[in-house]
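Trainee: model this:
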Amino acid sequence: MMSKHERHIIIIGLILAILFLHFLNPVTNSNPSAPTANKGIIDLTNWNFYNDGLVSLNGNWEFYENELLEPSFFSRNELNNNYQHVPSIGNQQRRSSVINKDGFGTYRLKVMLNDEHNDQLFGLKINDIRMAHKLFINNHLIGQSGEPSNNLETQQIGNIPYVKYFPISQSSFDIVIQVSKYDYYDGGIIGDIEFGLQEDISKLQLVSYGTDLSIIFVLLLFCVYHMSIYFIKVKRDMYYLYNGLFFLCLLISYSCRSEKLFMLFFPSFSIDIAYKIQDISAYSAILLIFGFLHALDSTLLSRRAMRIVCSLLMIYPLIVLLFPYNIYTHIEMVILFFSGGCLIFIFFKLVWVFYKREYEVEKRELLLLSSIFIFLFFMYFGTINFFDIMVALTGEFVNWEAITKTRSQIIYFLGQYREISIVIFVAVMYILLALRYTHTFGKLEHLSAKLISMNKMKDEFLAKTSHELKTPLHGIINISSYLLEKKDRMSHNQRENLTLIHDTSIKLSNLVNDLIDVSRLKNGGLNLHISHVDIKVSTQIVFDVLAFEVRGKDIELVNKIHPSTLVEADENRLRQILYNLIQNAIKHTEQGEITVSSQLVEDTLYIYVEDTGIGIPIEKREEIFSYFEQHDQLMLDGNYQSMGLGLYISRQLVGKMNGVIWVDWSEVGKGSRFCFTLPIVQNLKLVEEISSIVPSAPTEQNEDLLEDRICTPNLNQTILIVDDERANIQVLQNILSIQQYKVMISYSARDALIKLKEHPYIDLVITDVMMPEMSGFELCRKIRESNSFIALPILLATVKDMPEDIALGFSVGANDYITKPFDSNTILARIQTLLTMKKSMEDAFRNELAFLQAQIKPHFLHNALSTIASHCYTNVDDAIRLLKMLNQYLRIIYHTTPRTMFIPFEQELKLIEAYVEIERVRFKWLNYTANIDEGLDGIYIPALCIQPFVENAIRHGVFNKKGEGNVSLTIINLQTFIRIIIEDDGVGLSEDLLKQFKSGELENSGIGMTNIKRRLASLNEAHIQVDSKLNCGTKITLELRKRTEADLDYTEQEVL
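Mentor: Numbering: from 1, shown residues only. Coordinates of the predicted model:
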């Protein structure tokens, strides 16, 4: 509803506009209280033109029907008693009026002046005389429009306003006007004839021109304004178009009326064409006002009613266009009254709706609409002289002579406020549309605020739901992973279903993470930490993470980025962008290559991710970056699985890092190439940074610091920190100083490998993931080539704790991980856990050796010595040989320590040979064979990893068997592995016992069998397989990676 304040402002504004135009009007119109003509004479002797201004020569003029008389006629003949009112509206004697039928005639008026105005220059302003005339002052022709004639063929129509000036030297003068009309339904002197001093007439003409030009300019301005709004707005409201066209038609129509500026601007147009343009534009404006009303609210004017009204109103403009002027003007009155009736009907309907409140249109809009139609009525009927038409139609039935004075007042009112009506009409129309625009904008603001609130609620819901979903999803993933490890106990169908559950859970977990990122992006909660990132290393890490997705596909991942290419980006989010783009390429590529390359252009690095997949249509290249956009239609088999969040997130992240991302090239069926840009690290800046953190030679101060760290008392365990960021190293140093660990520092992965060679007693490595040239993942791989999980634990420091990255870290040999920013309690706890685990495994290995040594019981020594003693009497050489074997066996067993992780292969064979030889002398039915490939010299294997299995085969396999027993040892030299097979034909194991042994739950499984199995399982690239069948024997297969002395650190090289 409109407030009182708004209503007062509108009312005051309208009153001021009317008053302004009203006070302007005395300059432009004569005073209605001026004398009028009576019986062909107007007495102005008492009229002071200097003070009172202009006079409209209205009243009863002499009229001579069907005669075109010259001025000289009136000086020779008597005057008749036939008079015609000017402006002409007819009289009782309708048959003698030029208005009512085609014809011609002559008007005459005698003007009486006082002597004060002698020798003054006066002027006449002719406004509207239809349809051709000549103007005489006394006996002089001073003006004309067209060529009046006593027949239609010779008449030349013309009805253009003009001004004429003439001197007055007498106290009276005659005005004679010859008029002819054959084309229009009314004729004669239709408009006022203004008379006054030259100055006043000139002012009147200038103000009339100025008023018309101002109105035309205002109409043109509003036409352009509303048309612009229509074409600029995304949602194009038709009422703006209708209103713009309406103002255009009104502009054209008005320029053809009043001062008829159209004829002045385009004099080459004939008067017939000018009238056609005037009539077509006028009635087209009425059509458009109905269309505007329907577009504004269809409940005010239904589509059906609008079609009926417009169909009828369109007939007349078509007739005007097709037929000559003298034909279509005779049916104009019908269309005129029909359109006027429609306007009145609409007005009363608006009033009805205003009081009934039946529609959704606001009351203040209805009030403005009603005002529009009121002013439209005044403007419309003031322009077309509605009063005159009523006289023409009803003069036969109504005595209009009795209301002549009333008629003068009405014509004055309509003429005076016609321009005011137009201005106010335009103003009210503008206020209406502005109000509608404000109302619509207010609704949009309300809806936008509501939508923003709902969108915020949706984001909060998604964020909370995503966080709540993470826990059960991780539970599903972990449980399914655990069950998949027991896949040998499942059927093929069960494994497939479980794999599907596991894969689907991972995809849903990724989607949940994406939803969380989207929520952070939209709420501005995603903070970036810009640093210098090696793009090649980041790409290689992503390749490693996604390697499992290309298994089973004929796809090659190619990294063509130049080494040591540093960009300014957030390390975590850059990998996320690469992950999204490369994973998207993998999903839509069945075979071929996925290549990541780069190109440096000035200070910007262009990174390209190209695939040979399905491609993207041109029209979809921007849509795929939209929120939840996907192009499933590209895949007819429905294999497209992306929800579109990945690319949307990537675009947002690239933008936050001062870059752009787009589809650089794509062709359906051939592939795509995505490109994104990032700022490159400047060379000078890079050199300064490298020189600051990786000096060519350590300074004396750094050496002292490092020496102090290593030599501090009570420092028992050494930790190597590997990171290319000095700030991260300083943070870790401060944290580790709490527990007084020894700390060593490397600023690159290659330097770390050198330090591991030079300092074999390093107990733990903490390495960053993202480093130039070689990533932390690659460093883990290198370390694990020569160090086991137990011998040297590795703790990864990363800013990205996604499951894929964690899984990759564990797969390359990391023991645990920590995330940046560092938390001191978490780091210290995890370091302590890893070091404790290492110590526990060393203790377990020590206990295993002690257990092996404890197995040499006194009766074993007694039996061995007894056997040797008996041979002393029978075969001294055998006794000496057996004594040497026993000595060798005991020496190896008792001198093997927990730090002896690896021993030469031939040393393990000597131990086996000594033990087997002693047992074979005691038991003649024992058959032992050894088949060993050549080329194993210089190869190291884990200490005591074969002999216990051979001993177990003899003591628990063959000794419990009746008859002869066979034990064989086969060693096969492969390219990178050694395959060791221990096989016996003893009692074997049942299926239940075999399952218990494989799971590590079998008790009394032999001399340290379970410990040895666990120890081998902890080694990098060591595999064990046990096959056994009850009463058929047992077969144990070991596969150990070949190690040379160069592959081992100092700890592993310690031998007897």
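Trainee: tell me what Asn60 is bridged to.
Mentor: His85 (DSSP bridges).
Trainee: just the strands from the stretch 101-250 of the chain, written as ranges.
Mentor: Using DSSP state E, counting those that start in this stretch, the strands of the stretch 101-250 of the chain run over residues 103-113, 120-126, 129-130, 132-137, 140-145, 162-168, 172-181, 188-189, 193-197.
Trainee: span of stretch 937-950 from start to end?
Mentor: Taking C-alpha to C-alpha, to the nearest Å, stretch 937-950 runs 21 Å from one end to the other.
Trainee: in it, what's buried?
Mentor: Applying a neighbour-count criterion of 16 or more other C-beta atoms under 10 Å, one finds Ile939, Tyr940, Ile941, Pro942, Ala943, Leu944, Cys945, Ile946, Gln947, Pro948, Phe949, Val950 buried in stretch 937-950. Backbone N, C-alpha and C define where each C-beta goes, glycine included.
Trainee: these in strands, which ones?
Mentor: Tyr940, Ile941, Pro942 (DSSP state E).
Trainee: of the buried residues of stretch 937-950, closest to Arg651?
Mentor: Pro942 (52.3 Å; C-beta to C-beta).
Trainee: which ones are touching Gly809?
Mentor: Contacts for Gly809 (C-beta atoms under 8 Å, 6 or more residues apart in numbering) come out as Val769, Gly776, Phe777, Cys780, Leu796, Thr798, Tyr817.
Trainee: equivalent analysis for Leu447, please.
Mentor: Taking C-beta under 8 Å, 6+ apart as the definition, Leu447 has no contacts.
Trainee: that one: what secondary structure?
Mentor: Each residue gets one of three states, and Leu447 gets helix by DSSP: H, G, I helix; E, B strand; the rest coil.
Trainee: quick one, helices of the stretch 601-750 of the chain?
Mentor: 645-656, 683-693, 700-711, 726-736, 749-758 (DSSP state H, counting those that start in this stretch).
Trainee: now the second one: mean pLDDT?
Mentor: Taken as a whole, helix 683-693 has a mean pLDDT of 44.
Trainee: pretty sure Ser88 sits in a helix.
Mentor: No. Assessed with three-state DSSP, Ser88 is coil; it does not lie in a helix.
Trainee: hang on, it packs against Gly188?
Mentor: Yes. Judged on C-beta atoms under 8 Å, Ser88 makes contact with Gly188 at a distance of 3.8 Å.
Trainee: those two: who's more crowded?
Mentor: The residue with more neighbours, out of Ser88 and Gly188, is Gly188; 30 against 26, by other C-beta atoms under 10 Å.
Trainee: count of neighbours near Ala547?
Mentor: 12.
Trainee: my bad, should have said Gly655
Mentor: Residues near Gly655, counting by other C-beta under 10 Å: 13.
Trainee: any idea how far it is from His529?
Mentor: Look at Gly655 and His529: by C-beta to C-beta, to the nearest Å, they are 16 Å apart.
Trainee: ok, the buried residues of stretch 937-950 vs Leu44, which is closest?
Mentor: Pro942 (136.5 Å).
Trainee: in three-state terms, label the nearest residue to Tyr579 once chain neighbours are set aside for me.
Mentor: Once flanking residues are discounted, Tyr579 sits nearest to Val542: 5.1 Å by C-beta to C-beta, 6 or more residues apart in numbering. State at Val542, reduced to three classes by three-state DSSP: helix.
Trainee: same check on the one 3 residues further on?
Mentor: On the three-state scheme (three-state DSSP), Val545 is labelled helix.
Trainee: just give me the lowest mean pLDDT stretch among the helices of the stretch 601-750 of the chain.
Mentor: Minimum mean pLDDT among these: helix 700-711, a mean of 39.
Trainee: just want the most central residue of the protein.
Mentor: The chain has Ser626 as the residue nearest its centroid, 5.3 Å off, counting by C-alpha atoms, centre = their mean.
Trainee: okay, now the domains of the chain?
Mentor: The chain breaks down into these domains under the TED database: 1-30, 34-191, 254-398, 529-631+641-683, 718-851, 896-1053.
Trainee: need the ones you listed in CSV (columns: distance to Met238).
Mentor: Below are the domains of the chain laid out as CSV (distance: least, C-beta to C-beta, whole Å):
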stretch, distance to Met238
domain 1-30, 25
domain 34-191, 36
domain 254-398, 4
domain 529-631+641-683, 29
domain 718-851, 53
domain 896-1053, 76
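Trainee: looking at those, which is closest to Thr211?
Mentor: Using C-beta to C-beta, the nearest of those to Thr211 is domain 1-30, at 7.0 Å.
Trainee: I'd guessed Phe676 sits against Ile607; true?
Mentor: Yes. The pair Phe676 and Ile607 passes the contact test of C-beta under 8 Å, sitting 5.6 Å apart.
Trainee: so Glu593 lies in a strand, does it not?
Mentor: Yes. Counting by three-state DSSP, Glu593 is part of a strand.
Trainee: next one: the closest residue to it other than its chain neighbours from Met802, what distance?
Mentor: In space, and not counting its chain neighbours, Glu593 is closest to Glu556: 5.1 Å by C-beta to C-beta, 6+ apart. Separation of Glu556 from Met802 (C-beta to C-beta): 24 Å.
Trainee: paired strands for the strand or helix carrying the residue nearest to Glu593, with orientation please.
Mentor: Element membership for Glu556 (DSSP states H and E) is strand 554-559. If you go by DSSP bridges, strand 554-559 pairs up with strand 591-601 (parallel).
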